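**Q** Quick one, fold the following:
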Amino acid sequence: MLFALPSDAALYEALLNRDTRFDGQAFVGVTSTGIFCRLSCPARKPKRENCRFYDRVSAAIEAGFRPCKRCHPLGPAAAAEPHIQTLLNALDARPQHRWRETDISALGVDPSTARRSFKRHFGMTFLEMARQRRLAHGFTALEDGKVIDAQLEAGFDSPAAFRAAFAKLLGAAPDHFKKQAILRAHPINTPLGTLIAICDDHGLHLLEFADRKALPAELKRLSKMTKGHIGVGRTDVTDHVSAELARYFTGESDDFQTPLILHGTPFTRQVWTALRKIPAGETRSYAALAQVINAPTATRAVARANGANQIAILIPCHRVIGADGALTGYGGGLWRKQRLIELEQHYAKRT
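**A** Below is the predicted model of the structure:
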């Protein structure tokens, strides 16, 4: 089973019915607002394509969503340990503040107690939660302003600290991204974590999980190809691929029509084209893929081309496994590869 939750369709139905049975068990992130809620939230219900479902508060926060002020999805933990509510209220009042343990102590809360309780209830410490909130502010400001404005909006006193935090989130420092550039980077939240999409007005150039270790090198390579013209923001192509990914993860469609801009040698592009022909719900070995492109002795070259893929999911390199059926390396992490393969069994059963 992919998640310890019902299907997204069932969760969306529960959201529409404001079902309280899932309180504390499931949360919905709404991409159009950047807010995450309980399924019983009294607020106006979002469109299904704008919904992302999570089984943990920490997963919703790490995906870039902030808690709803109407349904208070962090509430149950606060009721169990009152100091949690004290800190959450303080964070809501000062989301851009650079919180430290001395600030926690000033509120009459022991920092070690706060660290343990937040980790137990939310899977992250209070300071980590506060950092996520600040970075969300910074990313929004960066789309419209300068790095220094984004730094101040995010509540970072030190430019170096902001650059380090931004680099950890997106794989590159904020000043790497140019204003009014041809290519624009934008985060897309998914049930498996944040994807970074880089698009221009014509197609998708890169789609990678934000925590992929190779992302900085890929951005540097792409920047060189485009003479440094990478900015922060979205295009119509970004909106198109976001909608297609939403349908994919909710089990509605595995048909991707987003135009792709492939940066690679003729051989690597040939491998990527072959990858796109593997049906969802099926897998291939590297050797089998080499046979498909009429290069039976080029198994290692095929593996390298597979690893060089810069467009996750749409070019499904996760569908390639070892000859013995074992999972092999995947830039987004083997756990994601396993979950993607399991998710796509739904599509295999429909054909």
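**Q** Confidence-wise, which helix or strand of this protein is lowest on average?
**A** helix 147-153 (a mean of 44; mean pLDDT, DSSP states H and E).
**Q** how about the strands of the protein, start to end?
**A** Per DSSP state E, the chain has strands spanning 27-30, 35-38, 51-54, 66-67, 183-190, 193-199, 204-209, 230-232, 284-285, 320-321. These are given in chain order.
**Q** Compare those and give me the one nearest Q257.
**A** strand 204-209 (11.0 Å; Cβ to Cβ). C-beta coordinates here come from the backbone N, C-alpha and C atoms, glycine included.
**Q** Quick one: residues contacting G331.
**A** Residues near G331 by Cβ atoms under 8 Å, 6 or more residues apart in numbering: E208, F209, R212, K213, A214, G307, A312.
**Q** From H121, how far out is it?
**A** Distance, G331 to H121, using Cβ to Cβ, to the nearest Å: 31 Å.
**Q** do K277 as well
**A** With distances taken as Cβ to Cβ, K277 is found 46 Å from H121.
**Q** more crowded one of these two?
**A** H121 (19 against 10; other Cβ atoms under 10 Å).
**Q** How about the contacts made by the residue sitting furthest away from the middle of the chain?
**A** Most distant residue from the mean C-alpha position of the chain: T297, 36.7 Å away (Cα atoms, centre = their mean). When contacts are counted by Cβ under 8 Å, 6+ apart, T297 touches A290.
**Q** where does the stretch 51-200 of the chain have low pLDDT?
**A** For the stretch 51-200 of the chain, residues meeting the criterion pLDDT under 70 lie at 64, 75-80, 132-133, 135-180.
**Q** try it again with 80
**A** For the stretch 51-200 of the chain, applying pLDDT under 80 flags the ranges 58-59, 61-66, 74-82, 92, 95-96, 120-124, 131-181, 187, 189, 191-194.
**Q** What ranges does it have for its helices?
**A** 57-62, 75-80, 82-93, 101-106, 111-122, 126-144, 147-153, 159-170 (DSSP state H, counting those that start in this stretch).
**Q** just the stretch 251-351 of the chain next, same as before
**A** Under DSSP H, counting those that start in this stretch, the stretch 251-351 of the chain gives helices at 266-276, 286-292, 299-307, 334-343, 345-350.
**Q** quick one: pLDDT of A303?
**A** If you check A303, the pLDDT there is 90.
**Q** and if you look at the one 5 residues further on?
**A** As predicted, A308 sits at a pLDDT of 89.
**Q** With A130 as the reference, measure out to the nearest residue to it once chain neighbours are set aside.
**A** Nearest residue to A308 in three dimensions, chain neighbours excluded: T268, at 5.7 Å (Cβ to Cβ, 6 or more residues apart in numbering). Remark: distance between T268 and A130 (Cβ to Cβ) = 42 Å.
**Q** next one: T113
**A** Separation of T113 from A130 (Cβ to Cβ): 16 Å.
**Q** what number of residues lie near the closest residue to L11 other than its chain neighbours?
**A** Distances taken as Cβ to Cβ, 6+ apart put F53 closest to L11, at 4.8 Å, once the chain neighbours are dropped. Neighbour count for F53, taken as other Cβ under 10 Å: 26.
**Q** ditto for L207
**A** Burial of L207 is recorded as 22 neighbouring residues (other Cβ under 10 Å).
**Q** next one: R269
**A** The number of residues near R269, taken as other Cβ under 10 Å, comes to 14.
**Q** That one contacts L275, correct?
**A** No - between R269 and L275 there is no contact under Cβ atoms under 8 Å: 10.5 Å.
**Q** Relative to V109, which of the helices of the stretch 251-351 of the chain is closest?
**A** helix 334-343 (34.0 Å).
**Q** May I see the buried residues of the closest one?
**A** By neighbour count with 16 or more other Cβ atoms under 10 Å, helix 334-343 contains the buried residues R336, K337, R339, L340, I341, L343.
**Q** before we move on, what about stretch 12-29?
**A** For stretch 12-29, by 16+ other Cβ under 10 Å, it's Y12, A14, L15, D19, F22, D23, A26, F27, V28, G29.
**Q** do the same with stretch 47-60
**A** Going by neighbour count (16+ other Cβ under 10 Å), the buried part of stretch 47-60 is R48, C51, R52, F53, Y54, D55, V57, S58, A59, A60.
**Q** Return the member of the buried residues of helix 334-343 nearest to L219.
**A** Closest approach between these and L219, by Cβ to Cβ: R336, at 19.7 Å.
**Q** what sits against the closest residue to that closest one other than its chain neighbours?
**A** Nearest non-adjacent residue to R336, counting by Cβ to Cβ, 6+ apart: L192, 5.2 Å away. By Cβ under 8 Å, 6+ apart, the contact set of L192 is F209, F249, G332, R336, R339, L340.
**Q** my guess is the fourth one meets T194, correct?
**A** No - taking Cβ under 8 Å as the contact criterion, R336 and T194 are not neighbours in contact, 12.0 Å apart.
**Q** Mutual contacts of these two, please.
**A** Joint contacts of R336 and T194 (Cβ under 8 Å, 6+ apart) are F209.
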